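Enquirer: please find the sequence and the predicted model below.
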Amino acid sequence: MKDLRKKSDTDLLKHIADARESLRSLRFAAGGSGTRDAHAFRSTRKEIARALTEHNRRSNGDSQDNI
């Protein structure tokens with residue numbers, strides 16, 4: 001989480017886009033092969049949620065750095 005706070009806004013948006021693309025490729029790969037790594041899905045979704053939370057915190061103007 002702390003590394004997300006250090007990223008600039010553009011880097012954070014790029015990170016979100018990359019994570020979403022990674023999740024999309026995981027979904028397509030799992031659909032074709034039948035084998036699924038549930039941990040990879042879960043961790044990627046959590047990574048996206050953390051990045052979106054940081055992005056929303058910044059866009060709302062909250063300065064709660066001590067959380």
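Expert: The structure has been received and is ready for your questions.

Enquirer: quick one: the helices in the chain, in order.
Expert: In the chain, the segments counted as helices under DSSP state H are 2-6, 9-33, 38-59.

Enquirer: take those and write them to a markdown table, including mean neighbour count and mean pLDDT.
Expert: C-betas here are computed from N, CA, C, even on glycine. Compiled in a markdown table, the helices of the chain are given as follows (neighbours: other C-beta atoms under 10 Å; pLDDT from 0 to 100):
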| stretch | mean neighbour count | mean pLDDT |
| --- | --- | --- |
| helix 2-6 | 10 | 87 |
| helix 9-33 | 13 | 89 |
| helix 38-59 | 14 | 92 |
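
Enquirer: please tell me how far the spatially most central residue of the chain sits from residue 25.
Expert: For the chain, the residue nearest the mean C-alpha position is residue 48 (1.9 Å; C-alpha atoms, centre = their mean). For residue 48, the distance to residue 25 (C-beta to C-beta, to the nearest Å) stands at 14 Å.

Enquirer: cool, and residue 3?
Expert: In terms of C-beta to C-beta, residue 3 sits 23 Å off from residue 25.

Enquirer: now do the contacts for residue 15.
Expert: By C-beta atoms under 8 Å, 6 or more residues apart in numbering, the contact list for residue 15 reads 4, 7, 51.
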